[in-house]
Structures are given as structure tokens and as C-alpha cells.
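> Dropping a prediction and its sequence here:
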Amino acid sequence: MDANDVRDIRTTSEAADWWVDLERGDMSRARREEFVDWLRESPTHVAELLRVARVHGALENFRLWDHIPTGTAVPQVLLQLARAPARIESGARQRTTRIIRTALSAAAACAAVVIGWMLLPGEEARLLQTGRGESHEIALEDGSHIQLAPETRLHVELGDHERAIRLSGGAALFRVAKDAHRPFIVYFDGASARAVGTQFGVDVRNDGTVVTVSEGRVSVRPSILPRAAGSRESGSTASSEHAAAATETLLSANEQLTVLPSGKLQASRAVDSERELSWSKGRLTFENEAVSSVIERFNRYNMIQIDVTDAEIAQRSVSGTFDAYDPNAFVAFVGATIPIAVTRTADNIVVKKADPAP
Amino acid sequence: MSSTTNQLRITEWFSRWQSPLRRFLAGRRGIPVADLDDVAQEVFLRLMRYSRSELVEHPQAYLFKIASNVSSEWIVRGRHRYAPEPEWLSELPAEDHPEENIARTEAEQQIHAAIQRLPARHRAIIKLKFLEGMDQVQIAKYLQVSERIVKRDLAKTYARLRMELNMDLLGMLTHGRE
């Protein structure tokens, strides 16, 4: 190993040390001065720092963590959502989920730590699913209630330390019985909503998952933190509080937020939770929503499907509250504002624009 | 410094260097490793144009802003220097580039192998960091070790991976996504 190699190794480890400091984000002025001086000492320093940045970038995009065992170093099992590699690789907005079942050996020394939705030995997850036009209310052993909208799929697992629900699709309203020893957590794609004693709804839609609180408080935390994860390092309490705000949002009654498919949490907004959650009572409320989108919702609640072929009708925006189980009433409502021709078959209500009267 | 001022500083800092860093790491194909030193040379020269006190305010922001500017200029120039890419190829989304997908898989395999070779605690630390999104403070608490140990292990890991990994392959992994 010649002198050059030794110097290179030293530069690399210096660059790595700087990088780790940069990530923490709490560099004093003096330290930053040292850093600037180090950078300006040689282009090799700059080059090494950029290379370390690239390593960081690669680790951020690395997806095979499930195959990395960590042995005795990690003392507990983390309950978190399994990543869905299909979504990332294909780039499409599919929400495929994996439910990983692993038995933990008592000897933690050999345990592979699987980050995923864990079923501990002896416990079973219960699958609840509703079809089109079906809604279902279920009472859980702990006294909580879940109201499932049509076309909803969820798993229930009440464990010793946590009451966990995994919502794969559709919508559900949760009335959570108080149990301070076991938080009630609803996991969905991109985030989780945690409550102690409360009532809130989670609605998985194409453009994001909407969490609405009607009573009590719910904390929404992203499961896949925004890509700036490396930067939110902090040493002081003030900055770590700020970092927590960027990753976790507390919702109170009549507040709502949307978790985007990217995993980003939108800012919470004030809503009339009764209106927003009226679907749980069989009413659908829309505000300036396109007819096509309204129809999509109706079609979940009814075996008879509304079919709108005309772009002009489909794009019209409507507001109002409707009986979810009465598609005809909605069609009549549309007909009140624009001339339509309605054809009914056994399964469909086909709505077309009517020719103007001569 | 008051805690409010401290919070504001962190906000600014956060927003100021994350986008330039993202921009530097993103973009199609990245810089071939042979050129990285040339890019660094140019970045170095541009850094000199600023006063020390300017840079000290937000060194990372300046560094990565300059680095991403230089690398995008480089890539544009590179199009003329290397065999030109057919237009339609650059318009395809990343997923449709078969040679990129193969390279990306290779890169992931390489990183996987390198991570497997790390000592157990080092592995645990980067897994907690990159999979769970924990920061150094949280990792230290979770593993019940000091923050200094976490810092040192992280730095060692970065240095080691930089040595062991093929930078060109790494480029395939960091670039061309989303």
C-alpha cells in the first residue's frame, strides 16, 4: 500500500465523518467553518464527499432490507408495514401488500428480524372483507367497533401490546374502546393512524388515504418516511421536536388529513366529520366532485351499476348528500340539471346525454 | 440561541440542502465514475468563488447546488462526447430500459453482499436508519448504545461501502428512479 492509498483512505474516512455530521444537522458555526476549510483544501476532498453522498443515495433506494438479518444487535421485533416492491419497481400505483408470517425463535441470537406485518406464534389475524353493496359492522373483543364500507378488506390482530388493523383497501370507521396499555393502530399503505380512545375513519382512495377524526385524537405517522430521512438528524430537543412534526401529525375531532401515495402527509384541515363520515351511515357526501368519481363510489354500494358514457356528463361537478343505496335518486338529480336519456337493464343504469328537444 | 430560532434554522437548513442533494443524486444515468473527479474539480473551483463566510452559513446547500449544476452541465455535454442515445430511449421511463434494470439488480445484489459483510451492529444501524427512518439519536436509544458509537459506526460503514462498491453500478441505483 503506497502513500497515495493511505492518503485516500484517510480522505474517505474524513468525508464519511463529515457526512455523518451533516446528517445530524446540528453543526456549530465553528464546525461548519472546519468543514468549509476541509472542502476547499483539495478537489479530492470534494470528490470523496460526493462519493459518500452517492453511497447514501444508493442505500436510500436499496429495497432488499428484508433479506438482511441483524442477529442479536436488534432486541425487539418492529411491527411495521412490509414494503411493496411491486409498486416501486413497476412505477404503477398498485397497492400490493405482503403479509409476512414468521415464527420467532426463542433464541434471539439466530432470529432473522423481519420488518413486516408479524403474526406472533399463537395469534391469528382475522380477515374481514366486504363485497360490492355490502357493508358490515363488527364488534371486537376489546369493545371496539369497526364499520366496513363496501369493497373493503382488512385484517384484525389484537395482541398483548397492540391492537393492530391492516386496511388494504376500501374504507372503515373505527370506534375505539379505551385501553391505555394497548394502542389501537390502523396500518395502511404509506402510514399508520394510532388512537387510544376515539372514533375515526380511514378511507383508501386512488389519490391517497384520508383519515378523518370524529371524536378523540389520532396520531398519523408515515411508515415509509419521506426520502429526506437522512437529513432529519438532530442533537437538540428543539430540533428533534421539529423533526417529529414533519413525520407525525396529531388529529383532533373534526380534523382530516390525506396520506398521498408517495407516503407524504398533507397538512391537516378542519372538516365537518359527520358529513365526511356519513358514508358509514349509508350516505355519500360530495363537494364539487366529478360525476364520474361520484358514480365510482355509488357503484361500490350497489349491485346495480351506473354507467355514464358521455364525457360532458362525467366531468360535471356535483355537490350534495345522497343515499348510498339509491342510485336512481342520484341519476334523477343529474337529470334535473342536464337533459339525460336513461336506459335500464338488469344490472345497469345507462345514462346518456339526451338530444335537445326540437 | 432561543429554541424558536433554533427551530427556524433547522427548517431552513432542512429545506435548503435536501432539494439540491436530491437533484444531485437524481436525474437520469448520473455521472460515469471516470468523470466524477472532473466534476469534483469543477465544483472545487466554483466553491472558491464564494467567500468563506457565505459558505459557512449553509455549506451543504452550496456544495450540492453547485454539484448538481455541474453534473447536469456535464451530462448535457456528455451526450455529445459519448455515443449519442437515440431520442426515444431517453424518453422511456426508467422501468422500460432493460439494460438499466439488469444493472440496477446487479447494483442491489452488490450492495446486499456488501451490507452482509458488515459487522452485526453496523448492519443493524443502517437498517434502522434506512428502513425505519430513525435518526442517530433514536438509533442510539433503540440499540442502547451511545450516540458516539452510532456516529462512529455510521461513518465507518459509509467509508467501507464507498471503498467496496462499484461507483458506476451505484450510479445505476441512485439514478433513473421515479
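Sure thing, it's come through. Small disclaimer: the values here were computed from a predicted structure and weren't measured.

> mind showing which ranges of chain A have poor pLDDT?
A:1-7, A:70-125, A:196, A:224-247, A:356-358 (pLDDT under 70).

> Okay, now the unreliable bits of chain B?
For chain B (pLDDT under 70), the answer is B:1-19, B:26-34, B:75-104, B:167-178.

> what ranges do the helices span in it?
With DSSP state H, the ranges of helices along chain B come out as B:3-25, B:33-47, B:52-57, B:59-81, B:87-91, B:98-116, B:120-130, B:136-143, B:147-164, B:167-174.

> Provide the contact partners of the third one at residue level.
Okay, so that is helix B:52-57. With CB atoms under 8 Å, 6 or more residues apart in numbering or on different chains as the test, helix B:52-57 has contacts from A:R29, A:R32, A:E33, A:V36, A:D37, A:L39, A:R40, B:L47, B:Y62. Any C-beta I mention is one placed from the backbone N, CA and C, and that applies to glycine too.

> Of the residues you listed, just the buried ones, PyMOL syntax please.
In PyMOL, this line selects whichever of the contacts of helix B:52-57 come out buried by 16 or more other CB atoms under 10 Å in any protein chain shown:
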select buried, (chain A and resi 32+33+36+39+40) or (chain B and resi 47+62)
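
> Just put the contacts of helix B:52-57 in CSV and tack on distance to A:F184 and secondary structure.
Putting the contacts of helix B:52-57 into CSV (distance: CB to CB, whole Å; DSSP: H, G, I helix; E, B strand; the rest coil) gives the following:
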residue, distance to A:F184, secondary structure
A:R29, 46, helix
A:R32, 45, helix
A:E33, 50, helix
A:V36, 49, helix
A:D37, 53, helix
A:L39, 49, helix
A:R40, 54, coil
B:L47, 52, helix
B:Y62, 47, helix
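
> Tell me which two of the contacts of helix B:52-57 sit farthest apart.
For the contacts of helix B:52-57, the maximum inter-member distance is 18.1 Å, found between A:R29 and B:L47 (CB to CB).

> coming back round to it: any chance of the contacts of helix B:52-57 in a markdown table with distance to A:K353 as columns?
Below are the contacts of helix B:52-57 laid out as a markdown table (distance: CB to CB, whole Å):
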| residue | distance to A:K353 |
| --- | --- |
| A:R29 | 68 |
| A:R32 | 66 |
| A:E33 | 70 |
| A:V36 | 67 |
| A:D37 | 72 |
| A:L39 | 66 |
| A:R40 | 69 |
| B:L47 | 64 |
| B:Y62 | 59 |
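
> Out of the contacts of helix B:52-57, flag the one nearest to A:W18.
A:L39 (8.4 Å).

> got the contact list for the closest one?
Neighbour list for A:L39: A:H45, A:V46, A:L49, B:F44, B:L47, B:L55, B:P59, B:L63 [criterion: CB under 8 Å, 6+ apart].

> Which of those are buried, as a PyMOL select command?
What follows is the PyMOL syntax for the buried subset of the contacts of A:L39, where burial is set by 16+ other CB under 10 Å:
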select buried, (chain A and resi 45+46+49) or (chain B and resi 44+47+55+59+63)
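
> ok, and does the longest helix along chain A reach over to chain B?
When chain A is parsed with DSSP H, its longest helix is helix A:3-24. Yes - in terms of CB under 8 Å from any CB of the partner chain, part of helix A:3-24 sits within range of chain B, namely A:I9, A:T12, A:S13, A:A15, A:A16, A:D17, A:W19, A:V20, A:D21, A:L22, A:E23, A:R24.

> For these, which two are the farthest from each other?
Farthest-apart pair in these is A:I9 and A:R24; separation 23.4 Å (CB to CB).

> thinking again about what came up before, can you mark which positions in the longest helix of chain A are buried?
A:11-24.

> from those residues, which is closest to A:K178?
Distance to A:K178 across the buried residues of helix A:3-24 (CB to CB) is lowest for A:R24, with 38.6 Å.

> List the contacts of A:S28.
A:S28 neighbours (CB under 8 Å, 6+ apart): none.

> A:M27 now?
Counted by CB under 8 Å, 6+ apart, A:M27 has contacts A:D21, A:F35.

> cool, and A:Q266?
Counting by CB under 8 Å, 6+ apart, A:Q266 has contacts A:G208, A:L257, A:T258, A:V259, A:L260.

> Filter those down to the buried ones.
A:G208, A:L257, A:T258, A:V259.

> which ones are touching A:V55?
A:V55 makes contacts with B:Y158, B:L161, B:R162, B:L165, B:L170, as judged by CB under 8 Å, 6+ apart.

> so which of these are also by chain A?
Subset of these in contact with chain A: B:Y158, B:L161, B:R162, B:L165, B:L170, counting by CB under 8 Å from any CB.
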